[in-house]
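Enquirer: Could you work out the structure for the sequence below:
(chains A and B)
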Amino acid sequence: MALRKFGRLSLISRIGKRDFSIASTSEGLIEKADSKSINLFTAVNQALHIALETDSRSYVFGEDVSFGGVFRCTTGLAERFGKKRVFNTPLCEQGIVGFAIGLAAMGNRAIAEIQFADYIFPAFDQIVNEAAKFRYRSGNQFNCGGLTIRAPYGAVGHGGHYHSQSPEAFFCHVPGIKVVIPRSPQQAKGLLLSSIRDPNPVVFFEPKWLYRLAVEEVPEDDYMLPLSEAEVIREGSDITLVGWGAQLSVMEQACIEAEKDGISCELIDLKTLIPWDKETVVASVRKTGRLLVSHEAPITAGFGAEISASIIERCFLQLEAPVARVCGLDTPFPLVFEPFYMPTKNKRMISFPKGSVLRTKVHPHLAISPPLPAEMPPLFLPPKNKKVVGTKLGFS
Amino acid sequence: MALLTSRNAAAGGKLLRCAAAAAIPTIRQLSSSASTITVETSVPFTGHRIDPPSRSVETTSEELMSFFRDMALMRRMEIAADSLYKAKLIRGFCHLYDGQEAVAVGMEAAITKKDCIITAYRDHCIFLGRGGTLLESFAELMGRKDGCSRGKGGSMHFYKKEGGFYGGHGIVGAQVPLGCGIALAQKYRNDENVTFALYGDGAANQGQLFEALNMSALMDLPAILVCENNHYGMGTAEWRAAKSPSYYKRGDYVPGLKVDGMDALAVKQACSFAKQYALKNGPIILEMDTYRYHGHSMSDPGSTYRTREEITGIRQERDPIERVRKLLLAHDIANEKELKDIEKEVRKEVDDAIAKAKESPMPDPSELFTNIYVKGFGSESFGADRKEVRATLP
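Expert: As a prediction, the model looks like this:
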C-alpha cells in the first residue's frame, strides 16, 4: 500500500544529470511493457544474471553463493554460468574482498557477496585501505573499479545483534568508494547493475527485510538507474524527509499519516550515500524550510549527521526549525528490544512537534511506538493495470 | 562431570552401578569411584609433530553414566529449541549442537572449571557443560529475564563467568584471538590453567586464527585451539573451502592431534593430553572429527548440500550417545530400560525448564540502555525521545 507507486515513479529519474556513473548516462526513457511482479531478492538475482551474461569478465562469489546463498539472491547462477564464474569461498571475509580487489584490478567485474553486512568488518581494512585508495595512491595506474560488494543490511524483525546492523556510515567516511542502498525491487535491479558497471568500487547494501516483503513490477530486461542522484518520491510543501533503503516504506507511512493532519511531506530517497546528491535535498529544504533525516543505524555519527550539517551550511536562512533526526538508538542492535530500537513511523510523528520541526501539530496519542507485527503485510503491491515506465540504457 | 540441573539424585545413584569385576560381569555392584574401566577409543589418534596419546582410556561407570545423561540432556535441549524456534518463541539466529555433544562432555571430563572455554555461536551445550542450567538456557533463548545473559544475548551469546565460560561469539573465528588473550592472562597468573578456544571447520580458514596462533606459539601460551570439524562450514563442504582439510596439521609449526569427536572418551583423553602439553610447551591444535545433525542455522534445512543417507549413516554408526549406550550395556552398567528411563527423565526436565522459562518475564525496557557503558561515568543512552524510555513491550 504505502509504497505502491514508488516503482513507477522511480524509473522516471533524471538520467545523465551528472557524470558520476558513466555507465548510466546514455539513452533515454522508453515505455516498458515486459515486466513481472517480483520481490527484491528475485530482482537482485535478475540483475546478477544480466551482469554475468552481458560481461564475460564478471564473477560472483561469496559464502554459499553457488547454491543460491542464504537469501536466494544467487539462485541459478552457478548452473547457468558455471562454477568458474560463480563459486563458494571459505568463510573468510577479508580474503573474499582481498581477492575481489585483485580480480577487479585485472580489469574484471568482481561481484563479491558478504553474507550479512554485520560480517563486513573483517574486510573493513581491505575496503578502506586497499580498495578505496588504489586509484589515488597509484596515480591512476591501477584501480579496482570493477569491484562491487553486496551485503544484506538492516533489521529483519528478529535478527539480533549480528544479523541486523546498518554499517553504511562507516563506509561513507571513505572517499574512493560509493555506497548505494536501494529501496525496492525495481530500484535494486537498476542500481545494482549500475553499481556493477560503475568504474568505481561500490558497496551495495541490500535491505534484507524487503527481500521477500517488497514486491513490485520490475522490467525484465537490462536497465540501469543513475548513481548519486536522489529521487523525490513524494512532493510536499511543509517538511522534507530524507532516508534510504528499508526506511523509505516506513517514512512513506509517516507521510500519509501526517497528511491526514494537514502536514504536507516531501519524501526523498537518497539512494547513493556517497557521493550524495546534495542539490536535490537542498532544493527541497529551500522549498519546505524543514528537514527530517531517518536511518536505522544509531543516531550518533550516523550519515544523518552529515546530511544535517551540510543542509544547515547551505540552507541556514531558509530553515524554519532545527533539522530533526529519527534514527536507531545509541545502543547495540538489540534482540528482544528491536521494536524500541527502530525508527518507526510514530517516532517520526512525535518528532514533528517535539523536535520543533512543526510546532503547530501535536500528536500525543502517537507517543508510544507499537511493536512491529510478526507478519508484516506486503508493503509493495504491483500497480494495477498500469504500464511501467522503464529506462533502456545501452551498454557495450 | 555433572550438569547442574535439577536432576533426581536418588534415581541417578541407583543407576550408577558398574561391573567392578570384569571377570564376573553378572554380579552388579553399587558404584565405587575406584572401579575403573579401560576402553579403547574408536580409532587411533593421529598426531602432527607430536606423539599421540594412547588409545586406552580409563573411565568409571559413573563417568559413563554421566556422559550418557549429559549428552541425552543436551540432545533433548537442542531438539526442544528447534520446536520453540519453529513456534516463534525463539527469535534471532539459532544454531544447534546435536550430534556434537561428545565434544562438550568429553572436554569437560578432562578439565576443571578454572580452565576457560570460549566458543562461537553454537554455544548452548558448552554452556550446559560448564554448569549452566536448562532454565537459564531456555530463558535466554526466548529473550527472558532469567536467561544467562538476562535475555539480552539470545542463542548466540551464552556466558557463564563463574564456570570459566567466556561465551558465545557472533563472528566466525573472532573468538579465537580472544581465547589466546585469555591464555596470555593465565600465563601471567601462572596458575596452571589453560584455555580452550573452539571454532568450526568454516572458521578454520579465517586469517585471524593464524595471527593468533603465531603469537600464542611465540609466547608459549597455554592455548588449545579446538577445531570442531563438523565437515560443513554453513552449507559448504570442508573440501570445497579448505585446500587442506587436515585442520590439526594447519598450525604447521604448532603440533596437532586428530580426534574422533563422536567418542566422548577419545575427546577426554585428547583434552587431558593437550592440557598437559600446553602447560609445558605452548599451543596445540585439536581437530575433533564430529558431525551436526541439524542444518547450520534454523534457516538451513541441512539437506541441500548433503544427502539424507549421509546423516542417517552417521546417526547409525557414529552417534556419540549410542556409542556410550553400547558401552554401558556391554559392561553391564545399566540395562536398556534404565537408560530409557533416564531419557524420559531428561525429557521431563527439559519440558519443566521450558515451562518455567516461559513464565519468566521479558527484561525491563530500561535494559535496552543498560550495560552499554559502565554506570556513573557520565555516558548514558536514551530512549526514543532522547530523554527516557517511553514504551512497553507486548
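Enquirer: which residues touch stretch B:79-96?
Expert: By C-beta atoms under 8 Å, 6 or more residues apart in numbering or on different chains, the residues outside stretch B:79-96 that reach it are A:157-160, A:162-163, A:335-336, A:374, B:78, B:98, B:121-122, B:124, B:138, B:141-143, B:154-156, B:292-294, B:296-298, B:350-351, B:354, B:358. C-beta: built from backbone N, CA, C; applies to glycine.
Enquirer: Filter those down to the buried ones, ChimeraX style.
Expert: Command for ChimeraX that selects the buried part of the contacts of stretch B:79-96, burial taken from 16 or more other C-beta atoms under 10 Å in any protein chain shown:
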select /A:157,158,159,160,162,163,335,336 /B:78,98,121,122,124,138,141,142,143,154,155,156,292,293,294,296,297,298,350,354
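Enquirer: among the contacts of stretch B:79-96, which are in strands?
Expert: Nothing among the contacts of stretch B:79-96 maps onto strands, per DSSP state E.
Enquirer: list the contacts for B:Glu228?
Expert: The contact partners of B:Glu228, by C-beta under 8 Å, 6+ apart, come to B:Gln100, B:Val103, B:Arg122, B:Leu198, B:Tyr199, B:Gly200, B:Asp201, B:Gly261, B:Met288, B:Thr290.
Enquirer: For the fifth one, give the beta-bridge partners.
Expert: Translated: B:Tyr199. In this entry, B:Tyr199 is beta-bridged to B:Cys227, by DSSP bridges.
Enquirer: Around it, how many other residues sit close by?
Expert: Other residues near B:Tyr199 come to 25 when the count uses other C-beta atoms under 10 Å in any protein chain shown.
Enquirer: What are the phi and psi values at the closest residue to A:Arg234 other than its chain neighbours?
Expert: Among residues not flanking A:Arg234 along the chain, A:Leu267 sits closest, at 4.0 Å (C-beta to C-beta, 6 or more residues apart in numbering or on different chains). Main-chain torsions, A:Leu267, degrees, to the nearest 10: phi -110, psi 130.
Enquirer: What separation do you get for B:Gly154 and B:Asn230?
Expert: 22 Å (C-beta to C-beta, to the nearest Å).
Enquirer: go on, A:Gly190?
Expert: 41 Å.
Enquirer: of the two, who's got more company?
Expert: Legend: neighbour count by other C-beta under 10 Å for A:Gly190 and B:Asn230, higher for A:Gly190 (29 against 23).
Enquirer: how far away is the more buried one from A:Gly68?
Expert: Counting by C-beta to C-beta - A:Gly190 and A:Gly68 are separated by 22 Å.
Enquirer: List the contacts of the nearest residue to B:Asp191 once chain neighbours are set aside.
Expert: Leaving aside its chain neighbours, B:Asp191 sits nearest to B:Lys114 (7.2 Å; criterion: C-beta to C-beta, 6+ apart). Contacts were defined as C-beta under 8 Å, 6+ apart; by that measure B:Lys114 touches B:Gly164, B:Asp191, B:Asn193.
Enquirer: now A:Gly328
Expert: If you count contacts by C-beta under 8 Å, 6+ apart, then A:Gly328 has A:Ser166, A:His295, A:Glu296, A:Ala297, A:Pro298, A:Ile299, A:Gly302, A:Tyr341, A:Met342, A:Pro343 around it.
Enquirer: can you narrow the residues you listed to ones near chain B?
Expert: Among the contacts of A:Gly328, the residues lying close to chain B (C-beta under 8 Å from any C-beta of the partner chain) are A:Tyr341.
Enquirer: Tell me where the chain has helices.
Expert: I went with chain A, as the question did not name one. Applying DSSP state H to chain A gives helices spanning A:6-10, A:40-54, A:77-81, A:93-105, A:124-125, A:134-137, A:168-171, A:185-197, A:210-213, A:247-260, A:278-288, A:303-315, A:338-341, A:345-354.
Enquirer: that's the wrong chain, I meant chain B
Expert: Using DSSP H, helices in chain B cover B:9-15, B:61-86, B:101-110, B:124-129, B:134-141, B:175-189, B:207-218, B:238-241, B:264-281, B:308-318, B:320-330, B:336-359.
Enquirer: how about the last one: buried residues?
Expert: Taking 16+ other C-beta under 10 Å as the neighbour-count basis, helix B:336-359 is seen to contain the buried residues B:Glu338, B:Leu339, B:Ile342, B:Glu343, B:Glu345, B:Val346, B:Glu349, B:Val350, B:Ala353, B:Ile354, B:Lys356, B:Ala357.
Enquirer: which of the residues you listed lies closest to B:Val254?
Expert: Using C-beta to C-beta, B:Val346 is the member of the buried residues of helix B:336-359 that lies nearest B:Val254, at 38.5 Å.
Enquirer: thinking A:Asn39 is in contact with A:Ala214, fair?
Expert: Yes - taking contacts as C-beta atoms under 8 Å, A:Asn39 lies within contact range of A:Ala214: 6.1 Å.
Enquirer: Mind checking which of the two has more residues around it?
Expert: Set A:Asn39 next to A:Ala214 and count neighbours by other C-beta under 10 Å: A:Ala214 wins out with 30 against 22.
Enquirer: Return the residues of the stretch 101-250 of chain A in contact with chain B.
Expert: So the stretch 101-250 of chain A meets chain B at A:Asp118, A:Tyr119, A:Phe121, A:Pro122, A:Gly157, A:His158, A:Gly159, A:Gly160, A:His161, A:Tyr162, A:His163 (C-beta under 8 Å from any C-beta).
Enquirer: For those residues, which two are the farthest from each other?
Expert: Between any two of those (C-beta to C-beta), the greatest distance is 25.6 Å, for A:Pro122 and A:Gly157.
Enquirer: how much space is there between the nearest residue to B:Asn335 once chain neighbours are set aside and chain A?
Expert: Spatial nearest neighbour of B:Asn335, excluding adjacent residues (C-beta to C-beta, 6+ apart): B:Leu329 at 7.1 Å. Relative to chain A, B:Leu329 is positioned 40 Å away (C-beta to the nearest C-beta, to the nearest Å).
Enquirer: One more: B:Tyr305?
Expert: B:Tyr305 is 7 Å from chain A, by C-beta to the nearest C-beta.
Enquirer: That residue and B:Tyr232 touch, don't they?
Expert: Yes - in this structure B:Tyr305 lies within contact range of B:Tyr232 using C-beta under 8 Å: 6.6 Å.
Enquirer: Neighbour count for the two, which is higher?
Expert: Neighbour totals were compared for B:Tyr305 and B:Tyr232, and B:Tyr232 leads with 22 against 19 (other C-beta under 10 Å).
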